[in-house]
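K.L.:
Show me how the following folds:
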Amino acid sequence: MIELRGLQKSYGTKKVLDGVDLAVATGTVTALLGPNGAGKTTVVNILSTLLRADAGTASVNGFDVGRDAVSVRSVIGLTGQFSAIDTLLTGEENLLLMARLRHLGGRQARVRTAELVEQFDLVEAARKPLATYSGGMQRRLDLAMTLVATPSVIFLDEPTTGLDPRSRHTMWDIVRDLVAGGTTVLLTTQQLEEADALADRIAVLDGGRIVAEGTPDELKRLIPGGHLRLRFMDETTLARASQLLDDSTSDGASLTLTVPGDGGISSLRRVLDRLDAAGVEAEELSIHSPDLDDVFFALTGDPKVKGADK
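P.N.:
Numbers count the residues shown, from 1 in each chain. Now for the predicted structure:
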């Protein structure tokens, strides 16, 4: 549904995109991660025909974004970092205005507006001024306006920035429902939890290139750092366990022992069997695997410090 090949873009002497390759399958969510200034919004702006690439190709639903911008605009919707709603209008009026801009007839515009007001749980607030809307309500309205023309592809550029946890989870549910209905989503976000929760695939953008791509679990497996954490009853038991597991790290204050491992059953069994053979019993055990924070820090930033301890 979305395809980029060798995409390049510079601002003056600063090269923001340096040969970006990316493919997004129909009816999926792909999250684009990267540090500030990595070029995530530039990718979205090129795909949504707001910006021209210097080189390379980009297509949406088979339409080239440079040569056939009108066709691209007919199948996409964009929710940017900053709200596009008119605060002087009510929610309903904003939706009707967008419907007119998308060339829906009067009756069709009213029907579509009513559908979206109900879908986004804005029925009671629809005819109230936007000054009465919470941040979460305004963001839901912003996304509803993106969907007026029922686009098959949606670009979400940091859609939940500034929202409280409840509003953020509400937006996630809306995105999941859209994808379940066949919509394709390209998401840029600084919320690693958001990418983990929503994305079928994640692409990490750094230094103008995609430096890693895969499912959330595939990316986590790229990064070392998995371990077991054991807590013991007292310092004596902790000391005995530490001697048995000589590759471990002991913390006397919390009575815990950290043992490197891949989080698999076999490595867990080896540790427990060694303790059991010596008659040492742990009070608590937890398994810790690398998360997207670990992936982000390991794959982005200064190449000299990639892979260094955080």
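K.L.:
What helix or strand is the residue nearest the centre of the chain located in?
P.N.:
Most central in the chain under Cα atoms, centre = their mean is Ala195, positioned 2.7 Å from the mean C-alpha point. Element membership for Ala195 (DSSP states H and E) is helix 192-198.
K.L.:
Give the buried residues for that helix.
P.N.:
Leu192, Glu194, Ala195, Asp196, Ala197, Leu198 (16 or more other Cβ atoms under 10 Å). In short, each C-beta sits where N, CA and C put it, glycine included.
K.L.:
returning to what we had before: excluding chain neighbours, what is closest to the residue nearest to the centre of the chain?
P.N.:
Ala31 (3.9 Å; Cβ to Cβ, 6 or more residues apart in numbering).
K.L.:
With Ala99 instead?
P.N.:
Ala99's closest residue in space is Ala109 (Cβ to Cβ, 6+ apart), at 3.5 Å.
K.L.:
Contact partners for that neighbour?
P.N.:
Leu96, Ala99, Arg100 (Cβ atoms under 8 Å, 6 or more residues apart in numbering).
K.L.:
Which ones among the residues you listed lie within helices?
P.N.:
Among the contacts of Ala109, the members falling in helices (DSSP state H) are Leu96, Ala99, Arg100.
K.L.:
Secondary structure element holding the closest residue to the last one other than its chain neighbours?
P.N.:
Translated: Arg100. Excluding its sequence neighbours, the residue lying closest to Arg100 (Cβ to Cβ, 6+ apart) is Ala109, at 6.2 Å. Assigned by DSSP H and E, Ala109 belongs to helix 106-119.
K.L.:
Give me the buried positions along that helix.
P.N.:
Ala109, Arg112, Thr113, Leu116, Val117.
K.L.:
Looking at the residues you listed, spot the one nearest Ser71.
P.N.:
Nearest to Ser71 among the buried residues of helix 106-119 is Arg112, at 21.3 Å by Cβ to Cβ.
K.L.:
so that closest one sits right up against Leu104, yeah?
P.N.:
Yes - contact criterion Cβ atoms under 8 Å: Arg112 and Leu104 qualify, at 6.2 Å.
K.L.:
so what sits against both of the two?
P.N.:
Contacts common to Arg112 and Leu104, judged by Cβ under 8 Å, 6+ apart, are Val148.
K.L.:
Domains in this structure, by residue range?
P.N.:
Following automatic domain parsing, the chain resolves into domains at 2-221, 226-288.
K.L.:
The shortest one: end-to-end distance?
P.N.:
Distance between the boundary residues of domain 226-288 (Cα to Cα, to the nearest Å) amounts to 6 Å.
K.L.:
And for the longest one?
P.N.:
The distance separating the two terminal residues of domain 2-221, taken as Cα to Cα, comes to 26 Å.
K.L.:
where in the chain is pLDDT low?
P.N.:
The chain contains residues with pLDDT under 70 at 225, 262-263, 301-310.
K.L.:
In the longest helix seen in the chain, which residues are buried?
P.N.:
What stands out as the longest helix in the chain, according to DSSP H, is helix 165-180. Neighbour counts over helix 165-180 (16+ other Cβ under 10 Å) mark Ser167, Arg168, Thr170, Met171, Trp172, Ile174, Val175, Leu178, Val179 as buried.
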